[in-house]
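[1] A structural model of the following input is requested.
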Amino acid sequence: MLILIVVSVIAAVMFHRKTTEKGYHSPRFWMYPLIVGNGLLLFAVAAKWITKQFVPDATSPLLTIYGPVVDLLALVGFFVLIGKAWKQIQQLPPFE
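    A predicted model of the protein is given here:
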């Protein structure tokens, strides 16, 4: 899940560059990828922990693939949310 943190930092830098280029100087633009990335990271960790608490057999086939699947879904969700936000930033008019 380290990749989620790295990608969210890179996205925050790109959001900041693009919005500054267009004349917007609000921190909410570059904070969005960080908030989404950390939120999805916490959600994935919580989902894996809760599942581990309720499934007594840790060697079950479902539980062995559950962790990577949750991580992959969190990463896909991150890219979907960041992609939508990036499209909206691309459509921002220059600030006057």
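[2] okay, CA-based contacts and neighbour counts for the rest of this
    Will do.
[3] which of the helices or strands spans the residue lying closest to V13 once chain neighbours are set aside?
    Nearest non-adjacent residue to V13, counting by C-alpha to C-alpha, 6 or more residues apart in numbering: W30, 6.7 Å away. Using DSSP states H and E, W30 falls within helix 28-54.
[4] how far is the very next helix or strand once past that helix from where the chain is centred?
    Where DSSP H and E defines the elements, the next helix or strand beyond helix 28-54 is helix 61-90. Distance, stretch centre to chain centre, for helix 61-90: 7 Å (C-alpha atoms, centre = their mean, to the nearest Å).
[5] show me what helix 61-90 is packed against.
    helix 2-22, helix 28-54 (3 or more C-alpha pairs under 8 Å, 6 or more residues apart in numbering; DSSP states H and E).
[6] okay, and for the chain, where does confidence drop off?
    58 (pLDDT under 70).
[7] what sits against the residue nearest to V13?
    11-16 (C-alpha atoms under 8 Å, 6 or more residues apart in numbering).
[8] let's see 6 Å
    12, 15-16 (C-alpha atoms under 6 Å, 6 or more residues apart in numbering).
[9] who wins for most neighbours among those?
    Counting neighbours by other C-alpha atoms under 10 Å, F15 leads those with 24 neighbours.
[10] so who does it touch?
    F15 neighbours (C-alpha under 6 Å, 6+ apart): W30.
[11] any idea how far G23 is from it?
    12 Å (C-alpha to C-alpha, to the nearest Å).
[12] before we move on, what about V9?
    For V9, the distance to G23 - C-alpha to C-alpha - is 21 Å.
[13] these two: which has the busier surroundings?
    Counted by other C-alpha under 10 Å, V9 and G23 do not tie: V9 has more neighbours, with 17 against 14.
[14] not counting residues beside it along the chain, what's closest to the more buried one?
    L34 (6.4 Å).
[15] was I right about that neighbour contacting V6?
    No: the pair L34 / V6 is not scored as a contact, 9.7 Å apart, by C-alpha atoms under 6 Å.
[16] sounds good, over and out.
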